[in-house]
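Engineer: fold the following for me, if possible:
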Amino acid sequence: MIKSRLGRRTLQKLGIVSTLLDAVSAFARRDVRTGLLLLGAAIVSIWVPGLGVVASVLTRLYRKFRRGRRLALGGTELIEQGVFRSEMEAKR
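Structural biologist: Alright, predicted model coming up:
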């Protein structure tokens with residue numbers, strides 16, 4: 001339904017632009033590897049429609065997984081070092 005209104009080329013261009021915006025935001029976060037990956041995916045997406053969108057989604061999932069795992073594994077050490085207070089200390 002959406003495809004028929006916008007057209008295939010327009011959706012392809014939107015996918016390329018969104019991948020380029022993700023690449024720019026990766027460079028702004030100083031994540032050069034992800035930025036280059038997304039930039040390359042945007043370029044290849046000219047010939048393989050949807051590749052850039054898939055690359056963007058996968059990098060976002062990877063970043064979310066990596067960030068969540070880092071917090072889960074490092075939380076105990078940060079409490080022990082006194083950076084964060086434990087819930088028991090916060091209740092006192």
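Engineer: name the residues of stretch 28-43 that are buried.
Structural biologist: 31, 34, 35, 37, 38, 39, 41, 42 (16 or more other Cβ atoms under 10 Å). (C-beta placed from N, C-alpha, C; glycine too.)
Engineer: which one of these is nearest to residue 18?
Structural biologist: Checking those against residue 18 with Cβ to Cβ, the nearest one is residue 42 at 8.8 Å.
Engineer: what average pLDDT does the host helix or strand of residue 10 get?
Structural biologist: Using DSSP states H and E, residue 10 sits within helix 8-28. Per-residue pLDDT over helix 8-28 has a mean of 92.
Engineer: that helix packs against which elements?
Structural biologist: helix 2-6, helix 32-44, helix 51-81 (3 or more Cβ pairs under 8 Å, 6 or more residues apart in numbering; DSSP states H and E).
Engineer: comparing these by mean pLDDT, which bottoms out?
Structural biologist: It's helix 2-6: among the helices and strands packed on helix 8-28, that one has the lowest mean pLDDT, namely a mean of 63.
Engineer: show residues contacting stretch 51-61.
Structural biologist: 15-16, 18-19, 22, 26, 34, 37-38, 41-42, 44-45 (Cβ atoms under 8 Å, 6 or more residues apart in numbering).
Engineer: how about 7 Å then?
Structural biologist: 15, 16, 18, 19, 22, 34, 37, 38, 41, 42, 44, 45 (Cβ atoms under 7 Å, 6 or more residues apart in numbering).
Engineer: grab the nearest non-local neighbour of the fourth one.
Structural biologist: Beyond its immediate neighbours in the sequence, the residue positioned closest to residue 19 (Cβ to Cβ, 6 or more residues apart in numbering) is residue 52, lying 3.2 Å away.
Engineer: thinking again about what came up before, tell me the one among the buried residues of stretch 28-43 nearest to residue 9.
Structural biologist: Nearest member of the buried residues of stretch 28-43 to residue 9, counting by Cβ to Cβ, is residue 42, at 15.6 Å.
Engineer: that closest one contacts residue 23, correct?
Structural biologist: Yes. Counting by Cβ atoms under 7 Å, residue 42 does reach residue 23; the two are 6.3 Å apart.
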